[in-house]
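K.L.:
Build me a structure from this.
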Amino acid sequence: MSSTKDPKPKNAVSRRGFLGGMGIGTGAVGTGLLEREVQAAPAANVAGPGAVPITLNINGKPVNLTVEPSVTLLDALRNHLDYTGAKKVCDRGTCGACTVILGGKSVYACCVLAIDAQGRNIETIEGLPVNNPISAAFVNNDAQQCGYCTPGFVMATKGFLSEHPSPTLDDVKNGLGGNLCRCGTYMGVRQAVLEAAKNMKGAKNG
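P.N.:
Now for the predicted structure:
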């Protein structure tokens, strides 16, 4: 019996030939619809990986700086601009010591990229008047001990009262639940918020 294999049919296509005809055998890209869409797509506006210039609007004033896209708003404020009121404690959005107001909303500055904060007003405790009613209420009610968390509480209170001008004690407990005080001065803080709300409401009606 002969062991010779049957010759390959004349019209047969090899795997290599098939892949080559599809334009993918050697890594070549075909000219199909997908390629045309990719070619027509605009180039992505990529920032980085090196430092890039950005502008932050801090307490009503534009500030220019150069940071890497991975830099948080907190690090930009503290390390690049010397706004040290917002404190770096947990650095993972759980304690509230770095609270600032961004676009009218209280946020953890450690959880926001500086590059993403562009175009919105950033309010820090440095921008508050010295005799503002919130800070005064914190002093009147002994709402601080070591004081490390106090700037975050003050800014969280400002953001909270802007949305809840006449809060109850339970409202305050819930509204400031994202800020931690390791000294345990919660009763003083809550009373301070209620006093500040009363004084701010009186000032508007006066």
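K.L.:
thought Asn140 was touching Ala192?
P.N.:
Yes - counting by Cβ atoms under 8 Å, Asn140 touches Ala192, with 7.0 Å between them. C-beta here means a position set from N, CA and C on the backbone, and glycine is covered the same way.
K.L.:
Compare neighbour counts for those two and give me the winner.
P.N.:
Taking other Cβ atoms under 10 Å, Asn140 and Ala192 do not tie; Ala192 has more neighbours (28 against 14).
K.L.:
Name the residues of the host helix or strand of the more buried one that are buried.
P.N.:
When secondary structure is defined by DSSP states H and E, Ala192 falls within helix 186-205. Residues of helix 186-205 classed as buried by neighbour count (16 or more other Cβ atoms under 10 Å): 186, 188-197, 199-200.
K.L.:
Grab the CA positions of that helix and hand them over as PDB.
P.N.:
Output in PDB follows, covering the C-alpha atoms of helix 186-205 (Å, rounded to 0.1, in the frame of the first residue of the first chain):
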ATOM      1  CA  TYR A 186     -19.100  66.100  68.900                       C
ATOM      2  CA  MET A 187     -21.600  67.700  71.400                       C
ATOM      3  CA  GLY A 188     -19.700  71.000  71.200                       C
ATOM      4  CA  VAL A 189     -19.600  70.800  67.400                       C
ATOM      5  CA  ARG A 190     -23.300  70.200  67.000                       C
ATOM      6  CA  GLN A 191     -24.200  73.000  69.400                       C
ATOM      7  CA  ALA A 192     -21.800  75.300  67.400                       C
ATOM      8  CA  VAL A 193     -23.600  74.400  64.200                       C
ATOM      9  CA  LEU A 194     -27.000  75.200  65.700                       C
ATOM     10  CA  GLU A 195     -25.700  78.500  67.000                       C
ATOM     11  CA  ALA A 196     -24.100  79.400  63.700                       C
ATOM     12  CA  ALA A 197     -27.300  78.600  61.900                       C
ATOM     13  CA  LYS A 198     -29.300  80.900  64.300                       C
ATOM     14  CA  ASN A 199     -26.800  83.800  64.000                       C
ATOM     15  CA  MET A 200     -26.600  83.500  60.200                       C
ATOM     16  CA  LYS A 201     -30.300  83.400  59.800                       C
ATOM     17  CA  GLY A 202     -30.600  86.500  62.100                       C
ATOM     18  CA  ALA A 203     -28.000  88.300  60.100                       C
ATOM     19  CA  LYS A 204     -30.000  87.800  56.900                       C
ATOM     20  CA  ASN A 205     -33.200  88.900  58.500                       C
END
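K.L.:
name the helices or strands packed onto that helix?
P.N.:
helix 133-140, helix 150-163, helix 169-175 (3 or more Cβ pairs under 8 Å, 6 or more residues apart in numbering; DSSP states H and E).
K.L.:
Quick one: distance of it to the chain centre.
P.N.:
28 Å (Cα atoms, centre = their mean, to the nearest Å).
K.L.:
for the record, mean pLDDT for that helix?
P.N.:
The average of the pLDDT scores along helix 186-205 is 92.
K.L.:
quick one: contacts of it?
P.N.:
Counting contacts by Cβ atoms under 8 Å, 6 or more residues apart in numbering, the residues outside helix 186-205 that touch it are 133-134, 136-138, 140-144, 153, 157, 160-161, 164-167, 169, 172-173, 176, 181.
K.L.:
repeat for stretch 61-81
P.N.:
For stretch 61-81, using Cβ under 8 Å, 6+ apart, the contacting residues are 47-58, 83-84, 86, 88, 91, 98, 100, 102, 108-115, 117, 122, 124.
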